[in-house]
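J.: Next comes the sequence, and after it the predicted model I'd like to discuss.
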Amino acid sequence: MHELRRDLGKTLSRRALLQGTGAGIGAAALAHLFGDKERGPHHTPHARNVIYLHMIGAPSHLDLFDYKPELQKREGRKCPDEFFVGKQLAFIRTHPRLLGSPKTAPFRFRRCGESGMEISNLLPHLQTCVDDIALLRTIRSDEFNHGPAQMFLQTGFGRFGRPSLGAWSSYGLGSPNQDLPAFVAMVTGTYPGAGNSAFGSGFLPSVHQGVEFRSKGDPVLFLSDPKGIDRGTRRRMVDSVKQLNGLHFDDVGDPEIATRVDQYELAYRMQASVPELMDISQESAEVHALYGTQPGRTSFANNCLLARRLVERGVRFVQLFDQGWDHHGSVFSQLPGKCRQVDRPIAALLTDLKRLGLLDDTLVVWASEFGRTPMAQTNNGEGLDTKAGRDHHTEAYSVWLAGGGVKGGTVVGATDELGYAAAEDPLHVHDLNATILHLLGLDHERLTFRYQGRDFRLTDVHGKVVRAALA
């Protein structure tokens, strides 16, 4: 017989006592599980919140952020052997030719702001914000296919099972708002190839995983009470389940039981807090004009406005995923449309945060899993055609940061004359993640979790803070 059986009456009395003190099994168990040393910043944070914009599929950085006159001049010539021979490419199989940007007005680059940062005319609204941006031009990834590269960017590892950056942030810092999750994710279009692992908790307690919000319909799946269930009934149900989970936790001590209790309580509180949060019709006509939002619709613009509303309410980490950037073909006809979808709302988000005094405390990150080749991917082998695209590219691509603790108007790193690899200040995905954690007040080498007998961290055994991007 199981030796851990207890007297039911005594155990229930203990449950009642815990609830009566206002702590409850969830709070008590979680406090024991995490401990003070696991929560709170390691140094003074520059940012309290993060809004992370992940462009699913990899935009062509060469056509948006990294202008290469020499690539324009040499368009149509076969790429140098060192760019192709022995290299691992996703789809290009025959020796490709170089592909510059079109010379038409939307694709031209312009020096913007006081800093003179070069940004493509495909992003006219973002051009007005360059003095708040630190542009990192030499990020390198270790993975060249979308799913693994998305996981590598978000979890520091190219396969399933590791916690995401947002989960690590929640684990390290917790949430200042007890009525909303610490980590919220929103997806426009289809999911990333990595699925919800891109915002999952891996081996961390599942309370740290990203909770997906939707801008249309039920904001969180299964959050609403079914017909015939009122708030009082729901409260009694949650309390009864808490008692049963308390018994189970006493028997086995599984931290996931404490997580479950905490999530039931959070869900109950979210039933009151989320509907008001997600109702963007409350915003002024001026705000809707700024973002291009339409209440009741599903759009990247709506999600950007919701991201601002979330950080206003203390949500630690907000992640927006936008699908549709995988341009293996017809890159020059497809890229302008995608840019129009995101350019205005992203610039509006930066402007709105700044107007409300939130940008100093909010770090905004724009990134993707990798970049795009300076060589053409075509349907007819070696030649160029009007439907040419760009293949996956891991050697160097552009990411930008803005807001909390970032030195605006800064460009870090430079690629070679054809935009293939880093020529100055090579950076890595691990460096990007180390920098984001640093700005949140977390030391990426000290933020660890023991799992299966060893200590894990987001940056594995790598990573350095990109000091040149810091204010």
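T.: Nice, thanks for sending it over.
J.: Identify each of the helices in the stretch 351-471 of the chain and give its residue range.
T.: Secondary structure of the stretch 351-471 of the chain, counting by DSSP state H, counting those that start in this stretch: helices at 429-439.
J.: Equivalent analysis for the chain, please.
T.: 8-20, 24-34, 61-64, 69-73, 124-127, 146-155, 165-173, 231-252, 255-278, 285-291, 300-312, 331-355, 429-439 (DSSP state H).
J.: Out of the ones you listed, which gets the lowest mean score?
T.: Ranked by mean pLDDT, the helices of the chain bottom out at helix 8-20, which scores a mean of 40.
J.: so what's V184 up against?
T.: Contacts for V184 (C-beta atoms under 8 Å, 6 or more residues apart in numbering) come out as G210, V211, E212, F213, L310, V315, F317, V318, Q319. Just so you know, the C-beta spots here come from the backbone N, C-alpha and C atoms, and that holds for glycine as well.
J.: Could you give the number of residues near R97?
T.: R97 has 19 neighbours, counted by other C-beta atoms under 10 Å.
J.: was I right about it contacting L384?
T.: Yes: when contacts are counted by C-beta atoms under 8 Å, R97 is listed as touching L384 (5.8 Å).
J.: Got the domain ranges for this structure?
T.: Annotated domains of the chain cover 1-34+219-296, 47-216+298-403+410-469 [automatic domain parsing].
J.: Tell me which of these lies nearest to G40.
T.: Among these, domain 47-216+298-403+410-469 comes nearest to G40, with 6.9 Å by C-beta to C-beta.
J.: any idea how far that closest one is from the chain center?
T.: Taking C-alpha atoms, centre = their mean, to the nearest Å, one finds domain 47-216+298-403+410-469 lying 9 Å from the centre of the chain it belongs to.
J.: Can you check the distance spanned by that domain, start to finish?
T.: The straight-line separation of the ends of domain 47-216+298-403+410-469 (C-alpha to C-alpha, to the nearest Å) is 14 Å.
J.: do stretch 366-378 as well
T.: Using C-alpha to C-alpha, one end of stretch 366-378 lies 28 Å from the other.
J.: now swap in stretch 357-366 and tell me
T.: 20 Å.
J.: And it, what's buried?
T.: L358, L359, D361, T362, L363, V364, V365, W366 (16 or more other C-beta atoms under 10 Å).
J.: Mind pulling the model confidence for the residue nearest to G156 when sequence neighbours are not counted?
T.: Spatial nearest neighbour of G156, chain neighbours left out: L458 (4.8 Å); criterion: C-beta to C-beta, 6 or more residues apart in numbering. Looking at L458, its pLDDT reads 98.
J.: my guess is L458 contacts P163, does it?
T.: Yes: using C-beta under 8 Å, L458 is in contact with P163, at 7.3 Å.
J.: shared neighbours of the two, anything?
T.: Joint contacts of L458 and P163 (C-beta under 8 Å, 6+ apart) are T155.
J.: Tell me how many other residues crowd the residue nearest to G156.
T.: Neighbour count of L458, defined by other C-beta under 10 Å: 28.
J.: Please list all residues in contact with it.
T.: The contact partners of L458, taken as C-beta under 8 Å, 6+ apart, are T155, G156, R162, P163, L165, W168, N433, L437, H444, L447.
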